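Colleague: following is a predicted model, sequence given first.
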Amino acid sequence: MEEASEAVRRQIAEIDIDSSRPLLITDADEVLLQFVRALEAHLQSNALYLDLTSFALTGNIKRQSDDHALSSTEVRRILSGFFEEKTEHVAPVDGAAEALAALSKRARIVVLSNIATHLGPARQRGLARHGMDYPVIANSGPKGPSVRHLARLAGPAPVFFLDDIPGNHESVAAAADDVIRLHFVADPRLARLVQTAESAHARIDDWPGARAFIEAHLDGTG
């Protein structure tokens, strides 16, 4: 089975994972941060718009002038520019900071975000600015191997995983099935477009509900 990349393992080695405490591994975009709304503003400034007709970016980013959909190469270029310019300046999801502050009293919190390694510090600064000063791990590709590596360090303590992408839940289920998986999609427009991940244990799209779900599991494990 595929292992976490060397780049991810180096980042994890810098984090103190206490095997006596539960571990909460959370995505950033559309879980902690309002990615889509920030992207829409960026597109607007480039005479583009996001046509939210499916849970995808390629095919849905279009020119304002003629509604032409950008190619996959053009989408990658636009997204690269967005992350380079805006990573540190994305607004938080309502209730995220408050929920994590409460959960941090009982669990170690780590942010596992698919973002270029050199942008990890910018992501961490942006989160800290909104009251979410937690370690950020810059990941690439499916998240299962990275979550498995983190779960091994957590030992017998419960491990939770939150993400908006169904494929990441499938990856984690295959790599670390004991991890409790919560499918979370913050933007209500996106939430209506994506079916609940079959590999998730639950689907909750707001932080009060997610906090209650996690706390109930923690209460049940003592």
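Modeller: Nice, I can see it.
Colleague: which residue sits closest to Asp133, ignoring its sequence neighbours?
Modeller: Leu127 (6.9 Å; C-beta to C-beta, 6 or more residues apart in numbering). C-beta: built from backbone N, CA, C; applies to glycine.
Colleague: what's in contact with the strand or helix carrying that neighbour?
Modeller: Following DSSP states H and E, the helix or strand that holds Leu127 is helix 120-129. The contact list for helix 120-129 (C-beta atoms under 8 Å, 6 or more residues apart in numbering) reads 11, 28, 32-33, 87-90, 92, 111, 113, 115, 133-138.
Colleague: contacting residues for the most centrally placed residue in the chain?
Modeller: In the chain, the residue lying closest to the centroid (C-alpha atoms, centre = their mean) is Asp27, at 1.8 Å. Listed by C-beta under 8 Å, 6+ apart, the contact set of Asp27 reads Val111, Leu112, Ser113, Asn114, Leu162, Asp163, Asp164, Ile165, Asn168, Phe184.
Colleague: how about Ile78?
Modeller: By C-beta under 8 Å, 6+ apart, the contact set of Ile78 is His42, Leu43, Asn46, Leu48, Ile61, Leu70.
Colleague: and the angle from the helix or strand in which it is found to helix 120-129?
Modeller: Element membership for Ile78, per DSSP H and E: helix 72-86. Counting by axes from the mean of the first three to the mean of the last three C-alpha atoms, to 10 degrees, helix 72-86 lies at 60 degrees to helix 120-129.
Colleague: circling back to that earlier point, which members of the contacts of helix 120-129 occur in helices, if any?
Modeller: Per DSSP state H, helices hold the following members of the contacts of helix 120-129: Gln11.
Colleague: which PyMOL command selects the buried ones in the contacts of helix 120-129?
Modeller: Buried residues among the contacts of helix 120-129 (16 or more other C-beta atoms under 10 Å), as a PyMOL selection:
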select buried, resi 11+28+32+33+87+90+92+111+113+115+134+135+136+137+138
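Colleague: narrow the contacts of helix 120-129 to those in strands?
Modeller: Residues from the contacts of helix 120-129 lying in strands, with DSSP state E as the criterion: Val111, Ser113, Val136, Ile137, Ala138.
Colleague: just put these in CSV and tack on distance to Asp178 and pLDDT.
Modeller: CSV is the format used below for the ones in strands among the contacts of helix 120-129 (distance: C-beta to C-beta, whole Å; pLDDT from 0 to 100):
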residue, distance to Asp178, pLDDT
Val111, 21, 98
Ser113, 22, 98
Val136, 24, 98
Ile137, 20, 98
Ala138, 25, 98
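Colleague: nearest to Ile17 among those?
Modeller: For those, the minimum distance to Ile17 (C-beta to C-beta) is 11.2 Å, reached by Ile137.
Colleague: for that closest one, give me its contacts.
Modeller: Contacts of Ile137 (C-beta under 8 Å, 6+ apart): Val8, Gln11, Ile12, Ile15, Val110, Val111, Leu112, Ser113, Gly120, Ser146.
Colleague: circling back: please identify which two of the contacts of Ile78 are farthest apart in space.
Modeller: Farthest-apart pair in these is His42 and Leu70; separation 13.2 Å (C-beta to C-beta).
Colleague: between helix 120-129 and the helix or strand encompassing Ala99, find me the angle.
Modeller: Using DSSP H and E, the element containing Ala99 is helix 96-103. Going by the same axes, to 10 degrees, helix 96-103 is angled at 80 degrees with respect to helix 120-129.
Colleague: what residues does helix 96-103 touch?
Modeller: So helix 96-103 is contacted by 24, 26, 31-32, 109, 130-132, 134, 207-208, 210-211, 214-215 (C-beta under 8 Å, 6+ apart).
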